[in-house]
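Visitor: Sharing a sequence plus its predicted fold:
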Amino acid sequence: MNRLVLSLSLLLSIMTMKAAVKIDRIDPTDWFVGMKNPSLQLMVYGEGIRTADVTTDYPGVKVDSLVRLDSPNYLLVYLNLDGAQPGTITLNFKNNGSTKKVKYQLKAREMSGDKRMGFTNADVLYMLMPDRFADGSRKNNTVKTRYSYKVDRSQPSLRHGGDLEGIRQHLDYFNELGVTALWFTPVLENDSPDNGTQSSYHGYATTDYYKVDPRFGTNEEYRRLIDEAHQKGLKVVMDMIFNHCGFEHPWIKDMPSKDWLNTPEWLAAADKSGKNDNGSADSKVNDLYLQTSYKLTPVVDPYASNVDLHETVDGWFVPSMPDLNQRNPHVIKYLIQNSEWWIETVGIDGIRMDTYPYADADAMALWMKTLDEEYPNFNVVGETWVTEPAYTAAWQKDSKIAKKNSYLKTVMDFSFYDKINMAKKENTDDWWNGYNRIYNSLVYDYLYPNPSSVMAFIENHDTDRFLGNGKDSTALKQALALLLTVNRIPQLYYGTEVLMNGTKEVTDGNVRKDFPGGFEGDERNLFTAEGRTKAENAMFTWLSRLLHWRQGNDVIIKGSQKQFIPYKGVYVVARQYNGKTVMTVINGTRKEAALAVKRYAEVIGQTKQAHDVLTGSNVSLDKDLKLTPRQVLVLEF
């Protein structure tokens, strides 16, 4: 009997030794020579691959190290490409007596990193959600995915069928409007099942970092869109998420290492309990699950407790979005390479990083420093959702008030968003209300190393629309005029130019409605003047005039800024450059007011007449200027 057991064991051992080397996937899918950092991490995935040895005899390439992770199905191969030329490497894998040769392509870069030009305050970003903007190809509305889903435009939180082709078909619309850069919410694969009437149409639950979601299109179509955008003078900003991935990412079922995720303990308990009635992450939650507090202050608080910081950074955003551990050097290396790969592969002009402070600050600083060294003229904006300027300023590159350098060039001005949305409901008084809020926010620009590289906005996909559930454009015009003339990088939200509205009180989907005319069967087409109402056309024309005037305008791009404390309800911000002046004048009250010309003599000087950019008319400045309720002027002279 013992001999039989021994023989069977020996047979099984021999069979194992001769089993073929299995490789299902290698990330990145290909790479580029001539990068400043010659180190390349290959994440190899395949059954039992951890124990493999790897060699190559490709000139200029050597295997620096092999990292064998906890899972038997992952192997990290670190290559040194110093001196390598473009071509196809042969990687030789040997595992348990079997061998496998794998071809891997090294590509030439289209341009050196310093020639990649990012967005600046000369640009105006137009933010949109691909699923909700336009359906350019109905062929990709129903595609084969691992999990079932519905395209149902009657449900605000299910997929609606918008895609990259729909955006490409409307590039001329962006030129007509006058914006210069496009920021899409994430376009990478989100292969997650619908949860009732909820879905990941928004794109923030990545399941494949190297693949465009097939419902949006292909990698090739993404590149085509960007190429054609560039031909029309438009930049493209890619939305990325390093804080978390999607629950259906392969890393969740087969974690590369025990510390690949933050606080993953609840997953093992969920698997053992069998509590997965509908297969969703929410249905599996147990007492070991750690939810983020969504409170970002502990990250900069000098008095922060360990428990508060732990909850913020290591807690999960939601159960369906596993929290990645960027403190693991292999995790952050994977993510850094991914961002470089998309820059090189499709030619994006910038990155917007979601949930920036939720991730490990040191790891994110390493990412930014790496990008800054490789692409010195590229730009990244980080979402830092706290409404105090001191918080936001601490995240900007070279901040004097931060403990460590983040190397993050651009931050989002949530203070401006917060204050402008309060001001629109108030009369501007002599102290704190109305446009005093904006004045008192801009006062703290001395905290920013570079105020010109702060992104301001009045709304986005995570907030109520500025119009709420109304259509009154009076306060909207004031907010937009200020946004587009102060010392900031301005960001607009899709559809505002045609008075799209909505609030989040029921669902986020109501501030992410379909752009009318972008989908088959729409009753109206707001991409055309003929399809818009009189009020919609008036708003579009007004904003388009202002946007085109702003393009290449050195007074706005390079000019100094001076603001005046609101006086008798009137708020004034002036920009000056090379003898030219632009004054934004806002009546922050619901009654008539006057611009006291003598009070602003330091910028008006001896000027007797100015040109109002918004109306095209001339305005006399030889006496006090009467203002109608909530009137806004953009005067240049």
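Guide: Perfect, I can see it now.

Visitor: In stretch 598-618, which residues are buried?
Guide: By 16 or more other CB atoms under 10 Å, the buried positions in stretch 598-618 come out as 600, 603-604, 610, 613-614. For the C-beta atoms, the positions are set from N, CA and C on the backbone; glycine is no exception.

Visitor: What segments of the stretch 51-200 of the chain are strands?
Guide: Along the stretch 51-200 of the chain, counting by DSSP state E, counting those that start in this stretch, strands occupy 53-55, 62-68, 74-80, 87-95, 98-107, 125-128, 181-184, 188-189.

Visitor: and N37, which of the ones you listed is closest to it?
Guide: N37 sits nearest to strand 74-80 of all the strands of the stretch 51-200 of the chain, at 10.1 Å, using CB to CB.

Visitor: Adding mean neighbour count, distance to P28 and mean pLDDT as columns, could you present the strands of the stretch 51-200 of the chain in JSON lines?
Guide: Output for these, formatted as JSON lines (neighbours: other CB atoms under 10 Å; distance: least, CB to CB, whole Å; pLDDT from 0 to 100):
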{"stretch": "strand 53-55", "mean neighbour count": "14", "distance to P28": "16", "mean pLDDT": "98"}
{"stretch": "strand 62-68", "mean neighbour count": "15", "distance to P28": "16", "mean pLDDT": "98"}
{"stretch": "strand 74-80", "mean neighbour count": "21", "distance to P28": "11", "mean pLDDT": "98"}
{"stretch": "strand 87-95", "mean neighbour count": "17", "distance to P28": "13", "mean pLDDT": "98"}
{"stretch": "strand 98-107", "mean neighbour count": "14", "distance to P28": "9", "mean pLDDT": "98"}
{"stretch": "strand 125-128", "mean neighbour count": "24", "distance to P28": "27", "mean pLDDT": "98"}
{"stretch": "strand 181-184", "mean neighbour count": "24", "distance to P28": "21", "mean pLDDT": "98"}
{"stretch": "strand 188-189", "mean neighbour count": "25", "distance to P28": "14", "mean pLDDT": "98"}
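
Visitor: Of those, which is nearest D445?
Guide: Of the strands of the stretch 51-200 of the chain, nearest to D445 by CB to CB is strand 125-128, at 20.0 Å.

Visitor: From the chain's centre, how far out is that closest one? Work that out for me.
Guide: 10 Å (CA atoms, centre = their mean, to the nearest Å).

Visitor: Format the buried residues of stretch 598-618 as JSON lines; extra columns: secondary structure.
Guide: Rendered in JSON lines, the data for these read as follows (DSSP: H, G, I helix; E, B strand; the rest coil):
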{"residue": "Y600", "secondary structure": "helix"}
{"residue": "V603", "secondary structure": "helix"}
{"residue": "I604", "secondary structure": "helix"}
{"residue": "A610", "secondary structure": "strand"}
{"residue": "V613", "secondary structure": "coil"}
{"residue": "L614", "secondary structure": "coil"}
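
Visitor: closest to L128 among those residues?
Guide: Nearest to L128 among the buried residues of stretch 598-618, with distances taken as CB to CB, is L614, at 24.8 Å.

Visitor: who touches the closest residue to the closest one other than its chain neighbours in this structure?
Guide: The shortest distance from L614 to any non-neighbouring residue, by CB to CB, 6 or more residues apart in numbering, is to V634 (5.3 Å). By CB atoms under 8 Å, 6 or more residues apart in numbering, V634 lies in contact with 481, 485, 546, 582-585, 612-614.

Visitor: Which ChimeraX command selects the buried ones in those residues?
Guide: Filtering the contacts of V634 down to the buried ones (16+ other CB under 10 Å) takes a single ChimeraX command:
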select :481,485,546,582,583,584,585,613,614
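
Visitor: Looking at the contacts of V634, which are in helices?
Guide: Using DSSP state H, the members of these that fall in helices are 481, 546.

Visitor: Rebuild the contacts of V634 as a markdown table, extending it with distance to S39 and pLDDT.
Guide: Formatted as a markdown table, those follow (distance: CB to CB, whole Å; pLDDT from 0 to 100):
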| residue | distance to S39 | pLDDT |
| --- | --- | --- |
| A481 | 49 | 98 |
| T485 | 45 | 98 |
| L546 | 47 | 98 |
| V582 | 48 | 98 |
| M583 | 53 | 98 |
| T584 | 49 | 98 |
| V585 | 55 | 98 |
| D612 | 57 | 98 |
| V613 | 51 | 98 |
| L614 | 53 | 98 |
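
Visitor: Of the contacts of V634, just say which sits nearest to P38.
Guide: Comparing these against P38 with CB to CB places T485 closest, at 45.6 Å.

Visitor: Now that closest one. Nearest residue, chain neighbours left out?
Guide: Closest residue in space to T485, ignoring its immediate chain neighbours: T584 at 4.6 Å, by CB to CB, 6+ apart.

Visitor: one step back: closest to M422 out of the buried residues of stretch 598-618?
Guide: When these are compared for distance to M422 (CB to CB), L614 comes out closest, at 23.5 Å.

Visitor: just to revisit the earlier point, the contacts of V634 into a markdown table, with extra columns for distance to D308?
Guide: Formatted as a markdown table, these follow (distance: CB to CB, whole Å):
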| residue | distance to D308 |
| --- | --- |
| A481 | 40 |
| T485 | 39 |
| L546 | 43 |
| V582 | 44 |
| M583 | 45 |
| T584 | 41 |
| V585 | 44 |
| D612 | 51 |
| V613 | 48 |
| L614 | 47 |
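
Visitor: Report the secondary structure element holding L476.
Guide: Element membership for L476 (DSSP states H and E) is helix 474-483.

Visitor: which residues touch that helix?
Guide: Against helix 474-483 from outside (CB under 8 Å, 6+ apart): 416, 420, 424, 438, 456-458, 466-467, 490, 492, 496, 539, 542-543, 546, 573, 584, 586, 588, 614, 629-630, 632, 634.

Visitor: how about 7 Å then?
Guide: Residues outside helix 474-483 that contact it (CB atoms under 7 Å, 6 or more residues apart in numbering) are 420, 424, 438, 456, 458, 466-467, 490, 542-543, 546, 573, 584, 586, 614, 630, 632, 634.

Visitor: List the ones among these that fall in strands.
Guide: 456, 490, 573, 584, 586, 632, 634 (DSSP state E).

Visitor: how long is stretch 195-206 from one end to the other?
Guide: Start-to-end span of stretch 195-206 (CA to CA, to the nearest Å) is 16 Å.

Visitor: I'd like the next helix or strand past the helix or strand of the chain with the lowest mean pLDDT.
Guide: Every helix and strand in the chain was compared by mean pLDDT, DSSP states H and E; the lowest is helix 2-17, with a mean of 46. Note on helix 2-17: by DSSP H and E, the next helix or strand toward the C-terminus is strand 25-27.

Visitor: and that next one, what does it pack onto?
Guide: strand 39-45 (3 or more CB pairs under 7 Å, 6 or more residues apart in numbering; DSSP states H and E).

Visitor: CA-only coordinates of the strand it packs on in PDB, if you can.
Guide: Provided in PDB are the C-alpha atoms of strand 39-45 (Å, rounded to 0.1, in the frame of the first residue of the first chain):
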ATOM      1  CA  SER A  39      13.100  50.100 -14.800                       C
ATOM      2  CA  LEU A  40      10.100  48.200 -16.000                       C
ATOM      3  CA  GLN A  41       7.800  46.100 -13.900                       C
ATOM      4  CA  LEU A  42       6.000  43.200 -15.700                       C
ATOM      5  CA  MET A  43       3.100  41.700 -13.800                       C
ATOM      6  CA  VAL A  44       2.800  38.200 -15.100                       C
ATOM      7  CA  TYR A  45      -0.400  36.300 -14.300                       C
END
